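[1] requesting a structural model of the entry that follows:
(chains A and B)
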Amino acid sequence: MSVGNIIVWIVWIAAAAACIGSALAVVALRNALYSALALIGNLISLAVFYLLLSAEFVAAAQVLIYAGAVMVMFLFVIAYVGWDKDIAWTGGPRWQTLGSVVAAAALLCELVVVIVLGAANDLKRTDHVSANFGSASSVGRVFMSNHLLAFEVISIVLLVAAIGGVILGAQKQRRRSGGLR
Amino acid sequence: MLGPAIAWYLVVGSAIFAIGAAGVMLRRNPLIMLLSLELMLNGANLVLIAFARLHNSPGGQVFALAVMAVAAAEVVVGLGLVVAMARRKIEIDVDLLSRLRK
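    This next block holds a predicted model:
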């Protein structure tokens, strides 16, 4: 094992521990504000994984857009709604809690079994990638040529979401009879 | 080959997805349900990028960027709903949101 390999392994294990730990914290913490902060940690440790997988542009976009813009919006709304309000874990009976944990564990077991079965034969990655793999230029070239329709559809989705956000958040001044106030 | 094999990345992605799914089913606070949905999307994103590295093609990374955009749209609409709930003085609890009108 070379020194570089050992360093990559150490970084990987640290990132994996941070990832799983912060994901558990998002679900387990009672306070929504702390959950959001834990999710920011989760997103940043995922960006470390993306760098290890030589996806530099996606890692940068993850930190800038996700951990930056989207989570700031989340924190604004949590502050608006009031983060000190404690809502209990579940409302339903005990079997509902148990059932959801069992369902999630079954999902994880199923996925891990599929990965282990696949890892035996066809999960061998190539050792070397081209120098600009994952750079903004290579991702942008593929995005703008092969996946141009997806790009345009994404822009329409974002436009519709922005309009929906404005309609949901707009304070209606005049009252109409019937519909939503 | 530096670092662990691709399968380990896939296992971490699956674990994050399962934790997020448990969060969506367990929690009643819609804000934390949205955060758990983000976890699920990010687990899928990690798997997509691991497969992009496996097949040495940037298509998976393009897909991950698309998932990020969809996540942003989902957050906008979900947070709009939460703000609308708070404005109409409905308690922030999905069990009480059985109807869309007060």
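
[2] drop to CA atoms for contacts and neighbour counts, all remaining ones
    Noted.

[3] how close does the closest residue to B:Asp93 other than its chain neighbours get to B:Ala72?
    Excluding the flanking residues, the one nearest B:Asp93 by Cα to Cα, 6 or more residues apart in numbering or on different chains is B:Asn29, at 5.2 Å. Applying Cα to Cα, to the nearest Å, the value for B:Asn29 to B:Ala72 is 19 Å.

[4] got it, and A:Ile167?
    Distance from A:Ile167 to B:Ala72, by Cα to Cα: 17 Å.

[5] neighbour count: those two, which is higher?
    When neighbours are counted by other Cα atoms under 10 Å in any protein chain shown, A:Ile167 and B:Ala72 differ, and B:Ala72 comes out ahead with 23 against 14.

[6] tell me if the strand or helix carrying that one is near chain A.
    If you go by DSSP states H and E, B:Ala72 is part of helix B:59-87. Yes - shown here: helix B:59-87 in contact with chain A (Cα under 8 Å from any Cα of the partner chain) through B:59, B:61-62, B:64-66, B:68-70, B:72-77, B:79-84, B:86.

[7] centroid residue for chain A?
    A:Leu43 (6.3 Å; Cα atoms, centre = their mean).

[8] tell me the buried residues in the lowest-mean-pLDDT helix or strand in chain A?
    Least confident helix or strand, chain A: helix A:94-119 with a mean of 87, by mean pLDDT, DSSP states H and E. By 16 or more other Cα atoms under 10 Å in any protein chain shown, the buried positions in helix A:94-119 come out as A:97, A:100-101, A:103-105, A:107-109, A:111-112, A:115, A:119.

[9] now stretch A:42-62: average pLDDT?
    Mean pLDDT, computed over stretch A:42-62, is 93.

[10] name the nearest residue to B:Asp95, ignoring sequence neighbours.
    Here the residue nearest B:Asp95, using Cα to Cα, 6+ apart, is B:Arg28, at 6.8 Å.
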